[in-house]
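J.: no FASTA, just this:
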């Protein structure tokens, strides 16, 4: 009986953990240039990268600054947890704001998923060190 209860408890913990999204920190983003290599659709890196204004790459400098090569200037950014996973907001100094879902597959692969009017702007990035 005790073994059955422990097994049930273990299964509940595993189910709960699998439903939790991976928390991404600024430290995971800093270091190297992130370059879009392809689009991203249905969990797969596929197609052409479409992620303006990040088409030429980005480099996270510190916990709040990212250099955007397409614009040749620094943007501010902020990571936050949401019900749908991790989200990143990019703040262009001219007042524009981009809200994207961010997924890190491993230390050298990053996915930015568009939302709203940018829904089709999905990119798979690789880190160049």
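T.: Done, it's in. Bear in mind the structure is a predicted one, so any value in this text is a computation, not a measurement.
J.: so which residue is smack in the middle of this structure?
T.: A centroid search over the chain (Cα atoms, centre = their mean) returns residue 102, at 1.9 Å, as the residue closest to the centre.
J.: contacting residues for residue 59?
T.: Going by Cβ atoms under 8 Å, 6 or more residues apart in numbering, residue 59 touches 32-34, 66-67, 69. (Each C-beta comes from the backbone N, C-alpha and C, glycine too.)
J.: of those, buried ones?
T.: 33-34, 66, 69 (16 or more other Cβ atoms under 10 Å).
J.: of all these, which comes closest to residue 129?
T.: Top of the list for closeness to residue 129, among these and by Cβ to Cβ, is residue 33 at 8.4 Å.
J.: residue 76 is in contact with residue 65, isn't it?
T.: Yes: assessed by Cβ atoms under 8 Å, residue 76 is found in contact with residue 65 at 6.4 Å.
J.: ok, and the closest non-adjacent residue to residue 30?
T.: residue 60 (4.7 Å; Cβ to Cβ, 6 or more residues apart in numbering).
J.: which pLDDT value goes with the one you found?
T.: Per-residue confidence at residue 60 stands at 97 (pLDDT).
J.: residue 76 is in contact with that one, correct?
T.: No: proximity of residue 60 to residue 76 does not meet the contact threshold set by Cβ under 8 Å, at 11.2 Å.
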